[in-house]
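Asks: Make a model of this:
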Amino acid sequence: MRVYLVGGAVRDKLLGYPVYDHDWVVVGATVQQMLEQGFQPVGADFPVFIHPDSGEEYALARTERKSGRGYTGFLYHASPDVTLEQDLKRRDLTINAMAEAEDGSLVDPYGGARDLEARVLRHVSPAFSEDPLRVLRVARFAARYAHLGFGIADETKALMRELASGDELEYLTAERVWQEFERALGERSPGVFLEVLHQCGALAILLPELEDLPAHPQWQRLAKLLTRLEDPRERFALLLAAARAEPDQEDGSAARIEALCQRLRAPRAFRDQALLIARHHRALFALKQLDGEARLSLAQGLDLTRRPQRIHSLAACFDRLAEWLGVPSHAREWLMALYEALGSIEPKALMQEGFSGKALGDELRRRQREACAQLELT
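Replies: Numbers count the residues shown, from 1 in each chain. Take a look at the predicted model:
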């Protein structure tokens, strides 16, 4: 029974990145042996166990064989006679197919260290094309390591185009597509994720709402703007608002956001942030020209009085979108001005003046409208 550290921990250690998660492969052991040592089984499809002390995952070495469509159509074989090299061969990229033995020595049968040094993302074997999820994974790794100069090997690009040209991508579940997309939004260069999918023909299939963006003549500028936003929700909102948006035209951004979020079952926080930016950016950019009623409607649409904590995030999105559209923006200053103007009018004070019921509501709105109209915006 031999234990090896595998996958991302080995890769990131060689890159000098901090290692947060450890995955282990056990060679030469049976399920019974693992149970006898106190490991807790958690794998439904193949033997994966939780270490009784560290809580880290340990999996028995296994092989896999394609048996159906999509990324779930595999049969797995785990037994003491499966070698470490056989286990590593089923992985997606050579840089993820390395292991570290208990004595610290590197096991690298497929040239992962060489590809790390050459800054190349290369598939391990032709079996890469059996799993459509790998198209998304490679695009995400490209987004993670683009700043280090990593690129995708030509032969790997060819397999990705082959997968995109068939119907395998259609078998990916909405949850898995969203999971990879959300993780890519948190990577160092999220725009690269969309570029890679566009180049291999997968973007139009998986994220059709965004398929035109990487072909836009100013795409690189938008990709840089994405990196100036830290929160994945903000990046998502900017992408969806920027898609086909023009400063002087009404567009279908809100409808596209609703369609994408419903199809991929995206979290409500992502949907709400994107809808707020798409629906209200034109009003905010034209705030100086709006009357009190329109300014009040914007403040209420953004729910500023009840949720002032998100002003910073909204302002960041509005400012980056303004840069993309080439229009001036004072989002943070103007949103804070609206919030403070409305906050200065308290219903309690109006009640003390004798207002109640419908009259209270009407007077509150009148004074709020007046306060918004009197704002002097620079």
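Asks: how long is stretch 158-177 from one end to the other?
Replies: Stretch 158-177 has an end-to-end distance of 21 Å (Cα to Cα, to the nearest Å).
Asks: Send me the helix or strand encompassing L194 as CSV with only the CA atoms.
Replies: L194 is located in helix 190-200, with elements delineated by DSSP states H and E. Extracted C-alpha coordinates of helix 190-200, given in CSV (Å, rounded to 0.1, in the frame of the first residue of the first chain):
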residue,chain,number,x,y,z
PRO,A,190,-11.5,35.6,-16.7
GLY,A,191,-11.7,37.0,-20.3
VAL,A,192,-9.3,34.2,-21.5
PHE,A,193,-11.9,31.6,-20.5
LEU,A,194,-14.4,33.1,-23.0
GLU,A,195,-11.7,33.5,-25.6
VAL,A,196,-10.7,29.9,-25.5
LEU,A,197,-14.4,28.7,-25.7
HIS,A,198,-15.0,31.0,-28.6
GLN,A,199,-11.9,29.8,-30.5
CYS,A,200,-12.9,26.2,-30.2
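Asks: which helices and strands sit right next to it?
Replies: helix 133-145, helix 154-165, helix 174-185, helix 203-206, helix 219-227, helix 232-242 (3 or more Cβ pairs under 8 Å, 6 or more residues apart in numbering; DSSP states H and E). Where C-beta positions appear, they are placed from N, C-alpha and C, glycine not excepted.
Asks: what's the most buried one of those helices?
Replies: helix 232-242 (a mean of 25; mean count of other Cβ atoms under 10 Å).
Asks: now that one against helix 190-200, angle please.
Replies: 50 degrees (axes from the mean of the first three to the mean of the last three Cα atoms, to 10 degrees).
Asks: Send over helix 232-242 as PDB, restricted to the C-alpha atoms.
Replies: This file holds the C-alpha atoms of helix 232-242, laid out as PDB (Å, rounded to 0.1, in the frame of the first residue of the first chain):
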ATOM      1  CA  PRO A 232     -17.100  37.200  -9.700                       C
ATOM      2  CA  ARG A 233     -20.600  38.700  -9.400                       C
ATOM      3  CA  GLU A 234     -19.400  42.000 -10.600                       C
ATOM      4  CA  ARG A 235     -17.500  40.500 -13.500                       C
ATOM      5  CA  PHE A 236     -20.600  38.500 -14.400                       C
ATOM      6  CA  ALA A 237     -22.700  41.700 -14.300                       C
ATOM      7  CA  LEU A 238     -20.300  43.600 -16.500                       C
ATOM      8  CA  LEU A 239     -20.100  40.800 -19.100                       C
ATOM      9  CA  LEU A 240     -23.900  40.500 -19.400                       C
ATOM     10  CA  ALA A 241     -24.500  44.300 -19.500                       C
ATOM     11  CA  ALA A 242     -21.700  44.800 -22.000                       C
END
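Asks: next helix or strand past it?
Replies: That would be, after helix 232-242 and using DSSP H and E, helix 253-264.
Asks: what's next to the helix or strand just after that following helix, contact-wise?
Replies: Note on helix 253-264: by DSSP H and E, the next helix or strand toward the C-terminus is helix 268-285. The contact list for helix 268-285, computed with Cβ atoms under 8 Å, 6 or more residues apart in numbering, reads 182, 232-234, 236-238, 240-241, 245, 247, 253-254, 257-258, 261, 290, 294, 297-298, 301-302, 313-314, 317-318, 321-322, 325, 327-329, 331, 334-335.
Asks: Give me the buried entries from those.
Replies: 182, 232-234, 236-238, 240-241, 245, 253-254, 257, 261, 290, 294, 297-298, 302, 313-314, 317-318, 321-322, 325, 329, 331, 334-335 (16 or more other Cβ atoms under 10 Å).
Asks: where in the stretch 101-250 of the chain is pLDDT low?
Replies: 244-250 (pLDDT under 70).
Asks: Now the spatially most central residue of the chain: closest residue in space that isn't a chain neighbour?
Replies: Among the residues of the chain, the one closest to the centroid is E182, at 1.9 Å (Cα atoms, centre = their mean). Nearest residue to E182, sequence neighbours excluded (Cβ to Cβ, 6 or more residues apart in numbering): P232, at 6.1 Å.
Asks: Now stretch 264-283: buried residues?
Replies: Within stretch 264-283, the residues that qualify as buried are 264, 266, 270-283, counting by 16+ other Cβ under 10 Å.
Asks: so how far is that stretch from its chain's centroid?
Replies: 15 Å (Cα atoms, centre = their mean, to the nearest Å).
Asks: Can you report the mean pLDDT over the residues of that stretch?
Replies: For stretch 264-283, mean pLDDT rounds to 95.
Asks: contacting residues for the residue nearest to the centre of the chain?
Replies: Applying Cβ under 8 Å, 6+ apart, we find E182 in contact with 232, 266, 270.
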